[in-house]
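Peer 1: predicted model and sequence follow; I will ask about them next.
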Amino acid sequence: MRILPKFLTRRALLCAALLIVNGASQCFAGAIATPPGVWGGQQFRIVFVTPNTTNATSSNISDYDDFVNAQAGGATYNGVTVQWQAMASTNTVNARDHVGQTGTAVYLADGTKVANSDTTAAGGLWSAGGLQANISQDLDGNDYSGLVWTGSSGIGTTYATIPVPGDPPVQWGLGSSGFNGNNKSETGSILGGIGGYTWLSIPAGVQLNTDLYQVYGISEVLTAVPEPSSFLMSGIGLVTIGFVTKLRRRQAVGSETV
């Protein structure tokens, strides 16, 4: 049995295969990998929690989109920079409407499945108890806990309460002036997702907008690129071995004639 030289690792062969198939985008740091079980042509989305914090003083959802895009650090998929949106609500924008309900499965960057879809259907991102894993990691796989700005109810709509019985509801979206101008917005708990909804909305979770917390981000809908087949991998391996063998033979002949 032939043994590959140390520099011809499986990783090197995989990168060579990816170079042929899709530009080797998954061979570099900052690249999103296709989640396990997702095949070429299927669609998926990636979610993460930002590694850094921000305040919630703005009522413009685009400001939070800009924040999560900056926090994503230019992450790519198939060689193309991925666009991200904040999973958050203001008083005029619902989080689930902002990011769209496309029916696409949702994953962490490490391939862990978070929800069966990005919808309100059972098992979906915006359904009560729909999460299969907490959105507690950034795109580098670092884990976090604590509060996160959402401005949302447990189903992805702007959080609202009735502080005074008989009065109209008060909305607590990001950038809200809150009740009597106290400038508060709703938060969720990063570790509150599995079997519940507190990842988006915790009881008595309104906090001062000037406080600093993280934000959830979700990718645009991504279409999986075809992975190199085992046949292709084997072929590349055989070609590489043949090349190295020929090179060694030439070197051996050269040394014998000196």
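Peer 2: Thanks, I have it.
Peer 1: low-scoring stretches of this protein, by residue?
Peer 2: 1-29, 227-258 (pLDDT under 70).
Peer 1: strands of the stretch 151-258 of the chain, start to end?
Peer 2: If you assign secondary structure with DSSP state E, counting those that start in this stretch, the strands in the stretch 151-258 of the chain sit at 160-161, 170-171, 184-185, 187-189, 207-208, 214-219, 222-223.
Peer 1: likewise the stretch 1-150 of the chain?
Peer 2: Counting by DSSP E, counting those that start in this stretch, residue ranges of the strands within the stretch 1-150 of the chain are 43-49, 76-77, 80-81, 84-86, 105-107, 113-115, 147-149.
Peer 1: make JSON lines from those and add mean neighbour count and distance to residue 209 to it.
Peer 2: No exception for glycine: its C-beta is placed from N, CA and C like everyone else's. Formatted as JSON lines, the strands of the stretch 1-150 of the chain follow (neighbours: other Cβ atoms under 10 Å; distance: least, Cβ to Cβ, whole Å):
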{"stretch": "strand 43-49", "mean neighbour count": "23", "distance to residue 209": "19"}
{"stretch": "strand 76-77", "mean neighbour count": "19", "distance to residue 209": "33"}
{"stretch": "strand 80-81", "mean neighbour count": "12", "distance to residue 209": "30"}
{"stretch": "strand 84-86", "mean neighbour count": "26", "distance to residue 209": "15"}
{"stretch": "strand 105-107", "mean neighbour count": "24", "distance to residue 209": "28"}
{"stretch": "strand 113-115", "mean neighbour count": "21", "distance to residue 209": "27"}
{"stretch": "strand 147-149", "mean neighbour count": "24", "distance to residue 209": "9"}
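Peer 1: so which of these gets nearest residue 67?
Peer 2: Nearest to residue 67 among these is strand 84-86; the distance by Cβ to Cβ comes to 6.8 Å.
Peer 1: each with direction, which strands does that closest one pair with?
Peer 2: The partner list of strand 84-86 in its sheet, established with DSSP bridges, is strand 214-219 (antiparallel).
Peer 1: which residues touch the partner strand?
Peer 2: Where contact means Cβ atoms under 8 Å, 6 or more residues apart in numbering, the residues beyond strand 214-219 that reach it are 32, 45-54, 64, 67-69, 71-72, 77, 82-88, 99, 106, 118, 135, 144, 146-150, 190.
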